[in-house]
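Test case, fold it:
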Amino acid sequence: MSAVDDKIHDVLGIGFGPSNLALAIAIEEHNRTAPGSDRLDGVFFERKAAFGWHRGMLIEGTTMQVSFLKDLVTMRNPASDFSFLSYLHDKQRLVDFINHKTMFPTRVEYHDYLEWAAARLDDVVHYDSEVVEIRPGGEHFEVVVRHDGRTTVHRARNVVLAMGLEANLPAGAELGDRVWHNLDLLHRVGELTDAPRRCVVVGAGQSAAEATEYLHRTFPAAEVCSVFSRYGFSPADDSPFANRIFDPQAVDDFYAASPEVRGDLMNYHRNTNYSVVDLDLIEELYSRAYQEKVRGEQRLRILNASRVTDVSTRSDGVAVTVEFLPSGERTVLESDLLVYATGCRPRDPFGILGEAARYCARDDQGRLQVERDYRIRTTDLGGGIYLQGGTEHTHGLTSSLLSNGAVRAGEIRDSIITRRPAPETTRDYALTPG
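Numbers count the residues shown, from 1 in each chain. Below you'll find the model as predicted:
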């Protein structure tokens, strides 16, 4: 039997990564100036034991690919005390950062910023708490949460799903002791008892290049093989005009467009985010490979125009069969480690939606229909279900990216406020004439 929390929250957030953290901040800032009756009561549940954002890829020296100005708040409220600049000031590093002359902090520093912001809102989040089901309950939802082997039911008028990303693997691929996804790279490296002699990294994007660079640098005696089907790493287009695809206005344009135009825009600008690499990293890897050729001791091998056709694991390693696409020639790489850096995908919300999924509208491809304010189009539900992530088909490239997170959080908060039913007024018949 589940315990029931009698309180009905205005907002219940599922997941507490950067997206719902930005929403929690937006609610906090609203409540600072709103009269008591207009304030929003929000609570968040996170299945991890503590705040964390892609910890397995916090490789020392890697930098963010978005400006620090696209932090949790600045695009929505430049005066916010939750900004990255406020974090630097609090940490007494503002002057040092300015002297650094960069718009792109390291990933380690940005993660520290996120932890700093999350710690300030520790009272609204429950960690180590997994949401297992959402049930309709008339004018609100009943959300079933599992914690320490017990389940509790929490009630809310609006639910906001921000469940993050999960590993995307090639068909038939299986993870194991010697086969990892790059999301777990730093977690798993520490488990190795012996330094690897050969590592294979599969993938052509930023994470694949970073994993290749990290393994090559960390294990100076190991051969590192980078396998991808392109002829070479492709540079990310971060030029000013192309970057407009991440502007808040671009979300409006994308949402208003026909399915055909949406498809065209996605195809035109995939090279801003998917299977592309920062040019500086491409040049660094090329330089290493070239210098090794000069020395006659090639340790970094770029297996381009190639694909993995078979993987055979054993207790102490993995045999990776690689096919060179132009000739069809196949080579077996006896390796100690295989890392799939093959991207991520949004977590499927239908498992958590549970009974509520029956009330959610879908398009002809089975995808959720989502309003401009990120609210799922539903029938016969009193409350609202909002998505942060998984809306690429309706809202474009910024669906799960940091670029528009601050603005998106503000839009969801404002939608919840606008759609909130007006308070009922009680008529005092003793003072009413007639």
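
show me the contacts for the one residue sitting closest to the centre of the chain.
Compute the mean C-alpha point of the chain, and by C-alpha atoms, centre = their mean the closest residue is Gly164, 4.6 Å away. By C-beta atoms under 8 Å, 6 or more residues apart in numbering, Gly164 lies in contact with 15, 17, 19, 346-347, 389, 400. Using the backbone N, CA and C atoms, a C-beta is placed for each residue, glycine as well.

would you turn those residues into CSV with distance to His269 and secondary structure?
Shown next, in CSV, are the contacts of Gly164 (distance: C-beta to C-beta, whole Å; DSSP: H, G, I helix; E, B strand; the rest coil):
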residue, distance to His269, secondary structure
Gly15, 27, coil
Gly17, 24, coil
Ser19, 21, helix
Pro346, 19, strand
Arg347, 24, coil
Gly389, 19, coil
Ser400, 15, coil
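
Among those, pick out the one closest to Asn243, please.
Nearest to Asn243 among these is Ser400, at 17.3 Å by C-beta to C-beta.

Skipping its backbone neighbours, what lies nearest the closest one in space?
In space, and not counting its chain neighbours, Ser400 is closest to Gly389: 3.9 Å by C-beta to C-beta, 6 or more residues apart in numbering.

got a pLDDT number for Gly138?
On pLDDT, Gly138 comes in at 83.

any chance you could map the helices in the stretch 151-300 of the chain?
Under the criterion DSSP state H, counting those that start in this stretch, the stretch 151-300 of the chain contains helices at 185-189, 206-218, 248-256, 259-268, 279-295.

Quick one: closest of the ones you listed to Arg39.
Of all these, helix 248-256 comes closest under C-beta to C-beta, at 25.7 Å.

got a list of contacts for the closest one?
By C-beta under 8 Å, 6+ apart, helix 248-256 touches 75, 244, 262, 265, 372, 394-398, 404, 407-408.

CA atoms only: put that helix into CSV for me.
Output of helix 248-256 as CSV, limited to C-alpha atoms (Å, rounded to 0.1, in the frame of the first residue of the first chain):
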residue,chain,number,x,y,z
PRO,A,248,14.3,31.5,-29.3
GLN,A,249,12.6,32.9,-32.4
ALA,A,250,13.7,29.9,-34.4
VAL,A,251,11.4,27.8,-32.2
ASP,A,252,8.4,29.9,-33.2
ASP,A,253,9.4,29.6,-36.9
PHE,A,254,9.9,25.8,-36.7
TYR,A,255,6.7,25.2,-34.8
ALA,A,256,4.7,27.2,-37.4
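
relative orientation of that helix and helix 259-268 in degrees?
Relative orientation of helix 248-256 and helix 259-268, computed by axes from the mean of the first three to the mean of the last three C-alpha atoms, to 10 degrees: 140 degrees.

Tyr329: what's its closest spatial neighbour, skipping adjacent residues?
Quick fix: residue 329 reads Glu, not Tyr. With C-beta to C-beta, 6+ apart, the residue lying closest to Glu329 is Glu323, at 7.1 Å.

Let me know the helix or strand that that neighbour is in.
strand 317-324 (DSSP states H and E).

Flag the helix or strand of the chain with the lowest per-element mean pLDDT.
The helix or strand of the chain with the lowest confidence, counting by mean pLDDT, DSSP states H and E, is helix 350-353 at a mean of 89.

Which of the contacts of helix 248-256 sits closest to Ser275?
Closest to Ser275, out of all of the contacts of helix 248-256 and judged by C-beta to C-beta, is Leu397, at 13.5 Å.

That closest one and Thr272: what is the separation?
As judged by C-beta to C-beta, to the nearest Å, Leu397 and Thr272 stand 7 Å apart.

what's the answer for Arg107, then?
For Arg107, the distance to Thr272 - C-beta to C-beta - is 19 Å.

again with Asp414
28 Å.

Leu58 too?
23 Å.

What of Arg372?
22 Å.

ok, the two, which is more surrounded?
Legend: neighbour count by other C-beta atoms under 10 Å for Arg372 and Thr272, higher for Thr272 (20 against 13).

returning to that earlier point: so the residue nearest to Ser400 is in contact with Ser19, correct?
Yes - using C-beta atoms under 8 Å, Gly389 makes contact with Ser19 at a distance of 6.6 Å.

shared neighbours of those two, anything?
Common neighbours of Gly389 and Ser19, using C-beta under 8 Å, 6+ apart, are 162, 164, 400.

from these, which is closest to His100?
Nearest member of the shared contacts of Gly389 and Ser19 to His100, counting by C-beta to C-beta, is Ser400, at 28.4 Å.

For the residue nearest to Ser400, give me the backbone phi and psi.
phi 110, psi 150 (degrees, to the nearest 10).
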